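S.K.: Kindly generate the corresponding structure for this input.
(2 chains)
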Amino acid sequence: MSEREFQGYVTIRQKTDHSMFTLRASLASSKVKAALETCLNIAVPQRGTYAQTGGTLLAWMSPDELLIMVPRASGGVAFAALEQALHGLHYLLADVSDARSTFTIEGGSAREVVAKLAPMDVLAAQFPVGGFARTRFAQVAGAIFVEQEDHLNLICFRSVQDYVFGILCGAAKPGSEVRAQS
Amino acid sequence: MSTRLASHGRLINRAKALSFTFNGKVMSGFEGDTLAASLLANDQMLMGRSFKYHRPRGVLASGGEEPNALINLGVESGFEPNARATTTETFAGLTAASQNHFPSLEFDLGAINSKLSRFLPAGFYYKMFIHPRSFWKHIYEPIIRHSAGLGKAPKARDQDSYEHYYHHCEVMVVGGGIAGLQAACSAAATGVRVLLVEQTAHWGGRAPVDGVMIDGMAAEDWVAQTLAELAARDNVVMRNRTQGSGVYDHGYALAYERIADHTPGDGRPRHRLWRVRCKQIMTTTGAIERPLSFAGNDIPGVMLASAVRDYVVNFAVSPGDRTVVVTNNDDAYRTALCLQEAGLDVPLIVDARPEGGGALMEAAQAAGIRVALGRGIAKVSGGKRVTGVQICAQAGEGSVLEEVACDVVAMSGGWSPVVHLWSHCGGKLIWDADQAMFRPDANQPPLGADGAGFVKVAGLANGHLRSAPVLEDAAEQGRAAARASGGKVKKAAVPVAEDAEELALSPVWLMPQGASYALRSKAWLDFQNDVKVSDVQLAAQEGFESVEHAKRYTTLGMATDQGKLSNINGLAILSKSLNAQIPDVGTTTFRPPYTPISMASLAGEARGELFQPVRKTPMHAWHDSHGADWEPVGDWRRPYAYPRGTETVAQAVEREVINTREKLGLLDASTLGKIIVKGPDAGKFLDMMYTNTMSNLRPGRCRYGLMCSENGFLSDDGVVARIDEQTWLCHTTSGGADRIHAHMEEWLQTEWWDWKVWVVNVTEQLAQVAVVGPNARKLLEKLAGMDVSAERLPFMAWADGTIGGIDCRAYRISFSGELSYEIAVPANQGLAFWEMLMNAGAEFGAMPYGTECLHIMRAEKGFIMIGDETDGTVIPQDLGLSWAISKKKDDFLGKRAQQRSFMDNPERWQLVGLETLDGSVLEDGAYAIAEGTNANGQGNTQGRVTSTYYSPNLGKGIAMGLVHKGPERMGEVISFTKIGTSPVQAKIVSPVFYDPEGEKANV
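M.R.: Next comes the predicted model:
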């Protein structure tokens, strides 16, 4: 997968240094939570948020789905460790590293650029650092999370990564700043 | 003549002169001008021709309500028709042209229509073009289309960019006049997030023009101070050049920002559509002055009184040297005073009220302006420009008492609150007889999901014509909106506004009130669509009593201005003709957008490459660079074929089919849906999902399965692989992955929530390649890594391993009847894997093949395709697939439905193969002809073609179709329709045309 970058009034960069897993399991189950916490050393996040320790990230997708990101180099080991930790429980763990593409949106106006594409409220007060949401970017589904105040990450399906990169570049086009024009 | 004044001009920058062209003529204006102001400054009062009669028309208004001054703006890729000169900001290099005339604006042949106006009454088109019916399509429509529309449709692709912006706040305030500013302040003080939008480039609305004082300072100073206060708050967003265009349910609103209309080519998006979600919407949208209906009120030089003073005060433009003011209210006296103060001549103020007005009238009289009370205008003299007015008694029938020379008539029939946004979502209006206006009924606002009103209104828009109550109302409603959206309201002082005392207006709907037919037929109501008082009266006379019917019959209010000036005057005339009260007749429906907005802003980023998301497989770029002829499959693009050199697509398909059957073909099958189903109840679940049994499949094996909807119709198919004790992988059709995933989730979440099953759609995680043909195994063995022998990997088995060093899962399945493997690898390895297969396969004759080759090969084998053999009305039993329907299972989705009498029925059309007697290819969708005709006189049918191809292997056309009792009629010859020629005869045969014993795959 090629790394792409666009320098607009924010910087758009494709990020490929991580593996991504989907975990389907009941997040209400104390056994599931304990297994995850033991294996990953991260508490299961609350609705609308993600939790991170080092290079490992857990994001709340639904009451029975987590998204797990780990450094790509340790993807295989982490997958096997999770399988082992969850053994005997009712779960489905799938490697979706190649199924999804991630873009970082960095700059003081990162939220504004996202607001051109996503109908959710991305203002800081409503979507603080640590926030994770599933939403829509123009015509495709995706997820977004706030790593730092000026650093957002967008996840979409691999098949539409060209489209998503295209709409992000358009939204970040110099001259199209929303705030500068009042 | 109209000209630029030395004094006034609060909105223009005289230091910055700009040149622009109108109809090719170079003119000059100032920064800050509207185009209408610039044109007037260049003595260009004539700006367009009317729609129906091609009457010469000048500018009437100074804002968005303008009906006449519509122009073509820009050229080629920057062209836009029907731009209002009053809302277009003048910029250097602007190119404008007038519309709707031939050969020129000054001399227009179409103006003959005006002379023929008595032959073109209301409903003319309905009456004239109704008979004979056969003329509708080929004669009337082309004629009407030719003459329809004012501007021309753009032909070139739009050069500009557009975007959307999603904005969330508690209170949105629409309109940046003093009411809007005050409402925003009051709301913002409570801490809620406020969005304030103003459609023009300037804040403050009318107050600075009308000499309002606020808290002891000039309105302009108060506006500046208030703007600074708002700008200092971080909970307020303010946008000028942004129109609140529409109000929708659930606090959704659209605002239309014109970012770069006045700075074309500066790299900014031209328009931005704000998609606003808020809790409360405040409409402080002001009011629009009404014209008066007198003969010749459309002659260039007749203008709204407020517009006349707007041009003087805002733009230092004098519309003319001598202005007669005609009014039924006090406000218009401001225009007379303003003109006189600017050194222009006001020979007469005609006031229809016998007693006249108050303080403002006294001021005018004190300034030496003659006021004629109880008078009206009988008729305006002039053609392309006003030359004078004939004065009569308002109470009479139009006998001329005197004639006054002038070149401008400033008219005022009172003010109508802009209630549009209040009304978009169902806010009701009440008739205020004292002020002769419809205004919002505070007791019947648009209601939100909680049953409470979510739109509030204040200021002029709420029927307050004086500044002091405007500000009080705005402060109160602003606080109320904030309170309703969670703000903490504290008491705060309200600025005190002062303006001149005014006496009540007297409603004047026709001038003079007893005007003769000749006068009424020259008294315009709707300027853009050429609807006159006499037309509305005719509509009433002909029985169009409903205002909505009268509107459509006369076209009143149906032009691009949507009746902003004509609506109230028109329905007042209608109500009088019907002898009804105005509120009983009611208004027509107000619909968004408030004024026309660009289609491109609605499209936003969705254009060109980004018009629609195209899903691409990991090998997409390879296909593209190898000449793929693309076919859309769902949102995917798949290669239809790979034409080489001078090959046609059809020749490429033929080559691919023969090569795959004889040597080796490679297909990018990545688009196939792949869904993992896991859990203790997964087998039970799949037995419900599929018509056949999946629970007894052994790990390591595959089985073809069918899925039906609960109505029994075939919905999807694919190969299911058992991975381990608790895990299955279900392949779906290319277009069906998301749909089937959702289908599974729905049943699991809503019906079988207690079953222990998890589902994940991993379609995009895997690239999948079909390696097909007699040499398939040779290629895989050459690359080595796993045993793909018939013994280790028999038909309908799968195994994990590596091929050429890439981790994979190999399925021994075939959709072609050939020796075939489908090999899944991680998507990131897809391209490398594909290229490795291509390179290593060269010695075995490997070629890529596309979807058409796939289709032909499956049709040669009689394999069905979802979407070809099925169309949502076909059940598996129709397709000879009863073998794939379990008789042992208690239940599966569709089972009950398939037992209904018309499903379990031998009379249904069933799948057969079809072979034309002459070897030709049947038409797709062709019907099999039966004897006789049906109740509608149409020929009876007994079947139809579902798939049809030329088979390069067999050298003839082959087809599949559904035929009445088809399988019982093998060998029978029936006829199929062929468009434009006589029917084609085809023999009913087995649908398996090629290798019926399946020997080729069994190696």
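
S.K.: Please name the nearest non-neighbouring residue to B:Leu373.
M.R.: B:Gly356 (4.6 Å; C-beta to C-beta, 6 or more residues apart in numbering or on different chains). In this view, the C-beta of every residue, glycine as well, is placed from N, C-alpha and C.

S.K.: Just confirm that neighbour contacts B:Val371, I think it does.
M.R.: Yes - between B:Gly356 and B:Val371 there is a contact under C-beta atoms under 8 Å: 6.3 Å.

S.K.: Model confidence for B:Val547, exactly?
M.R.: In the prediction, the pLDDT value recorded for B:Val547 is 89.

S.K.: Can you name the residues that contact B:Thr284?
M.R.: Contacts for B:Thr284 (C-beta atoms under 8 Å, 6 or more residues apart in numbering or on different chains) come out as B:173-175, B:177, B:179-180, B:183, B:457-461, B:474.

S.K.: Let's see if you can find the most crowded of the residues you listed.
M.R.: Greatest neighbour count in the contacts of B:Thr284, by other C-beta atoms under 10 Å in any protein chain shown, goes to B:Val173: 37 neighbours.

S.K.: Tell me which helix or strand it sits in.
M.R.: Using DSSP states H and E, B:Val173 sits within strand B:171-174.

S.K.: What about the nearest residue to A:Ala28 once chain neighbours are set aside, how many residues nearby?
M.R.: Nearest residue to A:Ala28 in three dimensions, chain neighbours excluded: A:Pro63, at 6.9 Å (C-beta to C-beta, 6+ apart). Using other C-beta under 10 Å, A:Pro63 is surrounded by 9 other residues.

S.K.: you'd agree the residue nearest to B:Leu373 is in a helix?
M.R.: No - assigned with DSSP: H, G, I helix; E, B strand; the rest coil, B:Gly356 falls outside any helix and is coil.

S.K.: how close does it get to B:Ala372?
M.R.: B:Gly356 is 9 Å from B:Ala372, where distance means C-beta to C-beta, to the nearest Å.

S.K.: Also B:His743?
M.R.: 79 Å.

S.K.: Please, where are all the strands along chain A?
M.R.: A:5-7, A:11-15, A:18-24, A:50-53, A:56-62, A:65-71, A:92-95, A:100-106, A:132-137, A:140-148, A:151-157 (DSSP state E).

S.K.: Now do the buried residues in the fourth one.
M.R.: In other words, strand A:50-53. Of the residues in strand A:50-53, those with enough neighbours to count as buried (16 or more other C-beta atoms under 10 Å in any protein chain shown) are A:50-51.

S.K.: And the chain, what are its domain boundaries?
M.R.: With no chain named, the answer covers chain A. Per automatic domain parsing, the structural domains of chain A span A:5-15+A:100-176, A:18-95.

S.K.: think we crossed wires, I meant chain B
M.R.: Using automatic domain parsing, chain B is parsed into the domains B:3-115, B:162-287+B:417-498, B:620-671+B:765-857, B:673-763, B:906-989.

S.K.: Format those as JSON lines; extra columns: mean pLDDT.
M.R.: As requested, the domains of chain B are exported to JSON lines (pLDDT from 0 to 100):
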{"stretch": "domain B:3-115", "mean pLDDT": "92"}
{"stretch": "domain B:162-287+B:417-498", "mean pLDDT": "97"}
{"stretch": "domain B:620-671+B:765-857", "mean pLDDT": "97"}
{"stretch": "domain B:673-763", "mean pLDDT": "97"}
{"stretch": "domain B:906-989", "mean pLDDT": "97"}
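
S.K.: So the nearest residue to B:Leu60 once chain neighbours are set aside, which state does it fall into?
M.R.: Nearest-residue entry for B:Leu60: B:Asn68, 5.1 Å, with adjacent residues in sequence omitted and distances by C-beta to C-beta, 6+ apart. Secondary structure state of B:Asn68, per three-state DSSP, is coil.

S.K.: Contact partners for B:Asn68?
M.R.: Contacts for B:Asn68 were tallied using C-beta under 8 Å, 6+ apart; they are B:47-48, B:50, B:57-60, B:298, B:527-528.

S.K.: how near is it to B:Met47?
M.R.: When B:Asn68 is compared with B:Met47 (using C-beta to C-beta), they lie 6 Å apart.

S.K.: which residues do these two both contact?
M.R.: Listed contacts common to B:Asn68 and B:Met47 are B:57-59; contacts here mean C-beta under 8 Å, 6+ apart.

S.K.: from these, which ones fall inside strands?
M.R.: Short answer: those in strands (DSSP E) are B:57-58.

S.K.: closest to B:Met694 out of the domains of chain A?
M.R.: domain A:18-95 (16.8 Å; C-beta to C-beta).

S.K.: Quick check: end-to-end length of that closest one?
M.R.: The first and last residues of domain A:18-95 sit 12 Å apart, counting by C-alpha to C-alpha, to the nearest Å.

S.K.: With stretch B:569-589 instead?
M.R.: End-to-end distance of stretch B:569-589 (C-alpha to C-alpha): 15 Å.

S.K.: Helices of the stretch 701-850 of chain B, start to end?
M.R.: Taking DSSP state H, counting those that start in this stretch as the criterion, the stretch 701-850 of chain B contains helices spanning B:737-746, B:776-783, B:827-841.

S.K.: how about the longest one: buried residues?
M.R.: For helix B:827-841, a neighbour-count test (16+ other C-beta under 10 Å) marks B:827-834, B:836-838, B:840-841 as buried.

S.K.: Pick out whichever of these sits closest to chain A.
M.R.: Within those, the smallest distance to chain A is 3.7 Å, found for B:Ala827 (C-beta to the nearest C-beta).
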